[in-house]
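Asker: my questions are about this predicted structure, shown below with the sequence.
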Amino acid sequence: SILVLQISDASINKIMQFRNGYGDSQEDYLVGPDKLMRSDSFLDPKAHSLQASFANPSSGIVDTEASRDALSGKSDTKIVIDYNGNPVLSAYSPVKIGEDLSWAILSEIDESEVLETPNKMQMNIMVITIILLALIVLIAIILINNLVVKRLTHFQNGLVGFFDYLNRKTTEVHDLETDSFDEIGLMAKVVNDNIKLTKKAIDDDRKVIADTIEVLAEFEQG
């Protein structure tokens, strides 16, 4: 005896064309052992619907690596070329219809759409990295300016003030800032010690000269 079972293609298509959460280029479809469609394609209903596939097998056949593997009993997920010649991420598996009949079920999405999110993430990471590097450079510039450049400027101004005192452009000389124990602070301390010694020697010399002038003046007056 022979048992004939007829399955409604409308019921199959309702299941296979479920779209909730799917990407724009994603579709599920069934392929029979003759590599013709057993459900309607969502992306190419004109050439790869159930009816069109049987009406024109030369254009409606699905002879791809994924369909061949699935019809031979293999299950896998890989990048393959689909029936339209596009690279897709294909997940496929055989489906047992009866004792001696197997179909292939395939779920595919364009490779470009699969990579769209990682590419966006990579671009975002690059932008964030560039911003962070710019902030680090800006902070480094500010720190260098505050910790080195400004202190070197104060050191230079202190030396200029000391030389002005030596050249009698001013009568006051101030110590250099020594608020740290690094190289700049140590140099400032050494300079301050020499400023004090030099200032004392100059003040002493000026006092001797002033006293000498005073004695001479008194001597002239008789």
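Answerer: That came in fine, so what should we check first? The shown structure was predicted, so the numbers you read here are calculated from the model rather than taken from an experiment. Residues are numbered from 1 along each chain as shown.
Asker: which parts of this protein are strands?
Answerer: Here the chain has its strands, by DSSP state E, at 27-31, 76-81, 87-96, 102-110.
Asker: tabulate those (a markdown table), appending mean pLDDT.
Answerer: Below are the strands of the chain laid out as a markdown table (pLDDT from 0 to 100):
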| stretch | mean pLDDT |
| --- | --- |
| strand 27-31 | 95 |
| strand 76-81 | 95 |
| strand 87-96 | 94 |
| strand 102-110 | 94 |
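Asker: save those strands as TSV, and put in mean neighbour count and distance to residue 221 too.
Answerer: Every residue, glycine included, has its C-beta placed from N, CA and C. Formatted as TSV, those follow (neighbours: other C-beta atoms under 10 Å; distance: least, C-beta to C-beta, whole Å):
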stretch	mean neighbour count	distance to residue 221
strand 27-31	24	121
strand 76-81	14	113
strand 87-96	18	113
strand 102-110	20	113
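Asker: what count of nearby residues applies to residue 163?
Answerer: Neighbour count of residue 163, defined by other C-beta atoms under 10 Å: 12.
Asker: let me see the contact set for it.
Answerer: Contact analysis of residue 163 by C-beta atoms under 8 Å, 6 or more residues apart in numbering lists nothing.
Asker: and the pLDDT for it?
Answerer: Listed pLDDT for residue 163 reads 82.
Asker: for residue 3, same thing?
Answerer: On the pLDDT scale, residue 3 is placed at 48.
Asker: need the strands of the chain in JSON lines (columns: distance to residue 130).
Answerer: Listed next are these as JSON lines, based on distance: least, C-beta to C-beta, whole Å:
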{"stretch": "strand 27-31", "distance to residue 130": "38"}
{"stretch": "strand 76-81", "distance to residue 130": "31"}
{"stretch": "strand 87-96", "distance to residue 130": "31"}
{"stretch": "strand 102-110", "distance to residue 130": "30"}
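Asker: and stretch 35-51, how far from the chain's centre?
Answerer: On the basis of C-alpha atoms, centre = their mean, to the nearest Å, stretch 35-51 sits 42 Å off its chain's mean C-alpha point.
Asker: stretch 71-83 too?
Answerer: From the chain centre to the centre of stretch 71-83 is a distance of 34 Å (C-alpha atoms, centre = their mean).
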